[in-house]
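Novice: predicted structure and sequence below. I'll ask about it afterward.
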Amino acid sequence: MTSLFERPQDRPLADRLRPASLDQVVGQDHLIGPSGPLGRMLAAGRLTSIILWGPPGCGKTTIARLLADRTDLHFEPLSAVFSGVADLRKVFDAAGKRKEAGRGTLLFVDEIHRFNRAQQDGFLPFVENGTVVLVGATTENPSFELNGALLSRAQVLVLKRLDDDALDALITRAEAELGRPLPLAEDSRAALKAMADGDGRYFLNLIEALSILPSEPALDSAQLAKVVQQRAPAYDKDREGHYNLISALHKSLRGSDTDAALYWMARMLEGGEDPAYICRRLTRFAVEDIGLADPNAAVQALAAWDIFERLGSPEGELAIAQLVVYLGTAPKSNAAYTAYKAARKAAKQTGSLMPPMHILNAPTRMMKDLGYGKDYQYDHDQADGFSGQNYFPDGMARQRFYDPPERGFEREVRKRLEYWDRLRAKKQNS
């Protein structure tokens with residue numbers, strides 16, 4: 001509630017510019033537009049429980065409050081960070097009394113993923129009997145953080161980080177509210193939007209920091225950086241962002257897009273990721289996605305890892321960048337990876353088949369009498385160094401697991417395999 005003595009300009013800019021209706025919300029037209037899920041719910045006059053999943057500052061709380069206004073529901077805000085079971089009981093009791101009096105309740109739970117599994121289960125009966133319409137907000141992937149039972153009763157709606165058009169709309173509204181343009185040159189306006197990183201609330205706080213400056217002279221990008229503090233990229237090393245970025249790095253390398261891979265690597269390092277983790281994943285990439293197409297890839301990966309551990313940060317990051325360039329430009333093959341999976345599948349299917357007797361050692365007289373090692377042909381005694389004997393279990397047909405492509409070094413490996421195949425066929429037919 002506004003104090004009698006409080007002037008409008010004393011309120012934070014973000015509060016003054018808070019949308020008064022859903023059509024003033026920027027950047028989320030895919031949800032609140034006429035064809036969006038919230039737009040269709042409102043048109044039908046029936047709001048169901050939802051989970052709003054999106055990054056900070058994209059409008060989750062604002063949308064929840066405006067949904068309550070549009071549907072004439074009592075808005076009951078709750079933060080999972082500061083609330084417990086006792087608070088939930090009070091909320092549900094009050095909502096039950098409102099229901100008896102003929103008015104519904106929109107229960108908005110911020111950071112809903114902070115509630116444990118048992119607390120989340122506590123929502124279920126009150127959602128099912130209509131005591132509350134639950135609107136949960138979370139920055140974390142609901143499929144990881146929320147109970148399946150709760151997810152089955154609430155539609156998950158994904159909010160987007162604010163794009164340039166949405167941020168342009170905010171800066172226009174801010175300048176109208178302030179009654180004058182911000183002291184920004186064209187390049188610094190773009191830099192200011194980049195600093196916001198899609199967070200509308202943070203963007204308005206940056207604008208408010210600039211609003212105390214005179215309109216002239218206009219700041220360039222370098223001057224802007226001195227005036228406002230650039231925020232660190234949104235990145236949580238043990239949550240979904242961590243897995244999203246390593247997936248982006250891995251798939252960019254697999255697609256031989258070296259520049260994109262360098263970008264994702266830099267994003268991870270700027271976000272505070274442990275360089276040793278990146279080295280471990282790049283080493284895995286070298287054997288999974290390059291393999292024998294370039295056997296030196298694994299050597300380069302281990303060398304970069306070793307260099308980083310010896311040099312430390314920040315000099316060691318250059319070795320990681322060099323490795324990313326090497327892996328991105330190397331020929332790609334998952335033939336060895338595919339062969340390993342196929343061999344494992346065959347091993348599970350064939351169970352405990354014994355090796356053929358001729359390739360078993362006979363360290364005792366009894367084993368020799370039983371036929372262990374009988375008729376074994378020592379390959380080095382052959383003129384061509386190849387016996388062509390069978391090494392698969394008796395009763396198991398020979399299988400081809402490793403099928404190298406005509407790429408990189410594996411082109412030569414394929415020639416070797418074809419050579420052994422020809423020799424094997426020749427010896428078996430002789």
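Specialist: That came through, no problem. Residues are numbered from 1 along each chain as shown.

Novice: of all the residues in the worst-scoring helix or strand of the chain on mean pLDDT, which ones are buried?
Specialist: In the chain, no helix or strand scores lower on mean pLDDT, DSSP states H and E than helix 221-227, which sits at a mean of 80. Of all the residues in helix 221-227, those buried under the rule 16 or more other Cβ atoms under 10 Å are 221, 224. The C-beta positions use only the backbone N, C-alpha and C, and glycine is treated the same way.

Novice: keeping just the C-alphas, turn the helix or strand where residue 301 lies into CSV.
Specialist: Element membership of residue 301 [criterion: DSSP states H and E] is helix 296-311. Extracted in CSV, the C-alpha atoms of helix 296-311 (Å, rounded to 0.1, in the frame of the first residue of the first chain):
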residue,chain,number,x,y,z
ASN,A,296,45.8,-38.1,-31.8
ALA,A,297,42.6,-36.5,-30.5
ALA,A,298,42.7,-38.4,-27.3
VAL,A,299,46.4,-37.6,-27.0
GLN,A,300,45.6,-33.9,-27.4
ALA,A,301,42.8,-34.1,-24.8
LEU,A,302,45.1,-35.6,-22.2
ALA,A,303,47.8,-33.1,-23.0
ALA,A,304,45.5,-30.1,-22.7
TRP,A,305,44.2,-31.5,-19.3
ASP,A,306,47.8,-31.9,-18.1
ILE,A,307,48.8,-28.4,-19.3
PHE,A,308,45.9,-26.8,-17.5
GLU,A,309,46.8,-28.6,-14.2
ARG,A,310,50.4,-27.5,-14.6
LEU,A,311,49.7,-23.9,-15.5
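
Novice: just checking, what packs against the helix or strand that comes right after it?
Specialist: The element immediately downstream of helix 296-311 (helix or strand, assigned by DSSP H and E) is helix 317-329. The contact analysis (3 or more Cβ pairs under 8 Å, 6 or more residues apart in numbering; DSSP states H and E) places helix 317-329 against helix 240-254, helix 258-270, helix 275-285, helix 296-311.

Novice: pull out the buried residues from the first one.
Specialist: Neighbour-count burial for helix 240-254 flags 241, 242, 245, 246, 248, 249, 250, 252, 253, 254 (criterion: 16+ other Cβ under 10 Å).

Novice: please name every helix or strand in contact with it.
Specialist: Checked by 3+ Cβ pairs under 8 Å, 6+ apart, helix 240-254 has helix 258-270, helix 275-285, helix 317-329 packed alongside it.

Novice: okay, angle between it and helix 317-329 too, please.
Specialist: Here helix 240-254 runs at an angle of 50 degrees relative to helix 317-329 (axes from the mean of the first three to the mean of the last three Cα atoms, to 10 degrees).

Novice: next: the third one.
Specialist: Relative orientation of helix 275-285 and helix 317-329, computed by the same axes, to 10 degrees: 20 degrees.
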